[in-house]
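A.B. asks: The following block contains a protein sequence and its predicted model.
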Amino acid sequence: KNQVEQSPQSLIILEGKNCTLQCNYTVSPFSNLRWYKQDTGRGPVSLTIMTFSENTKSNGRYTATLDADTKQSSLHITASQLSDSASYICVVSSYISGGSYIPTFGRGTSLIVHP
Amino acid sequence: DAGVTQSPTHLIKTRGQQVTLRCSPKSGHDTVSWYQQALGQGPQFIFQYYEEEERQRGNFPDRFSGHQFPNYSSELNVNALLLGDSALYLCASSLRVKETQYFGPGTRLLVL
């Protein structure tokens, strides 16, 4: 069964500090891994996407890494801002024959940035 | 350029009723996926539509059905509502099945 586990479940940091969120997956066959940011009551917004051959991808203050051998990914947030308070969701897609992809979502890490 | 839109934003139903949720994809997108997100959980994949056909389906009962129209918009229908169907229902669109999905704001369904 394909699974995506995220840690920590929740995190509280002070504004300006850095943090790292973790994602471990058992999804096969692997197609790509995405990190989404979801504000409360809103739909998720894509931050990064990585395929098997990519091991790092940046989007402003967000940097995602991927280790396909250990099936782990991390999302590093630099110089956090109050607006970073949200749920961060790791999504791993599996390629299905016929050109279709099945996404498996993690439960997300709830990040709170305090002033 | 409008992004993904969903209607209604909120909905209250009672057990046993039926509900239809609607989604308009981002301009230029032809693939629509539906997700159920319970409070405090990650989204769960319901199904995906491409070229007006259901291409993939998650682990949801037949009470959940859908449709995609020629203009790529989509509907999610849920019959015989249960209390456990209360959730945020998200629609996501993409250009073909493998590209980045853009999510709508969701429809929050409450079943009493």
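C.D. replies: That came through fine.

A.B. asks: what sits against B:Ala80?
C.D. replies: B:Ala80 makes contact with B:16, B:18, B:63, according to Cβ atoms under 8 Å, 6 or more residues apart in numbering or on different chains. Quick note: C-beta positions are derived from backbone N, CA and C, even for glycine.

A.B. asks: could those residues be laid out in TSV, adding neighbour count, secondary structure and distance to A:Ser80?
C.D. replies: Shown next, in TSV, are those (neighbours: other Cβ atoms under 10 Å in any protein chain shown; DSSP: H, G, I helix; E, B strand; the rest coil; distance: Cβ to Cβ, whole Å):
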residue	neighbour count	secondary structure	distance to A:Ser80
B:Gly16	10	coil	46
B:Gln18	11	coil	44
B:Arg63	13	coil	42
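
A.B. asks: Count the neighbours of the residue in chain A that chain B sits nearest to for me.
C.D. replies: In chain A, the residue found nearest to chain B is A:Gly43; the distance is 3.2 Å by Cβ to the nearest Cβ. The burial metric for A:Gly43, expressed as a neighbour count using other Cβ atoms under 10 Å in any protein chain shown, is 23.

A.B. asks: Show the pLDDT at it.
C.D. replies: Looking at A:Gly43, its pLDDT stands at 88.

A.B. asks: now do the one 10 residues further on
C.D. replies: Reported pLDDT at A:Ser53 in the predicted model: 88.

A.B. asks: And for it, the neighbour number?
C.D. replies: The local packing count at A:Ser53 equals 7, with neighbours defined by other Cβ under 10 Å.

A.B. asks: From B:Arg57, how far out is it?
C.D. replies: The gap separating A:Ser53 from B:Arg57 is 30 Å, by Cβ to Cβ, to the nearest Å.

A.B. asks: how about the residues of chain B that lie near chain A?
C.D. replies: Residues of chain B that fall close to chain A, judged by Cβ under 8 Å from any Cβ of the partner chain: B:4, B:33, B:35, B:40-45, B:48, B:55-56, B:58, B:88, B:90, B:92, B:97-98, B:100-106, B:108.

A.B. asks: Just the strands from chain A, written as ranges.
C.D. replies: Using DSSP state E, the strands found in chain A span residues A:3-7, A:10-14, A:19-26, A:30-38, A:45-51, A:56-59, A:62-67, A:72-77, A:86-96, A:100-105, A:109-114.

A.B. asks: pLDDT averaged over the second one - what is it?
C.D. replies: Meaning strand A:10-14. Looking at strand A:10-14 alone, the average pLDDT works out to 97.

A.B. asks: again, but for the fourth one
C.D. replies: Averaged across strand A:30-38, pLDDT comes to 92.

A.B. asks: Give the partner strands of that strand in its sheet and their orientations.
C.D. replies: The strands beside strand A:30-38 in its sheet (DSSP bridges) come out as strand A:45-51 (antiparallel), strand A:86-96 (antiparallel).

A.B. asks: How far away from the center of its chain is the first one?
C.D. replies: What that stands for is strand A:45-51. Distance of strand A:45-51 from its chain centroid, counting by Cα atoms, centre = their mean, to the nearest Å, is 8 Å.
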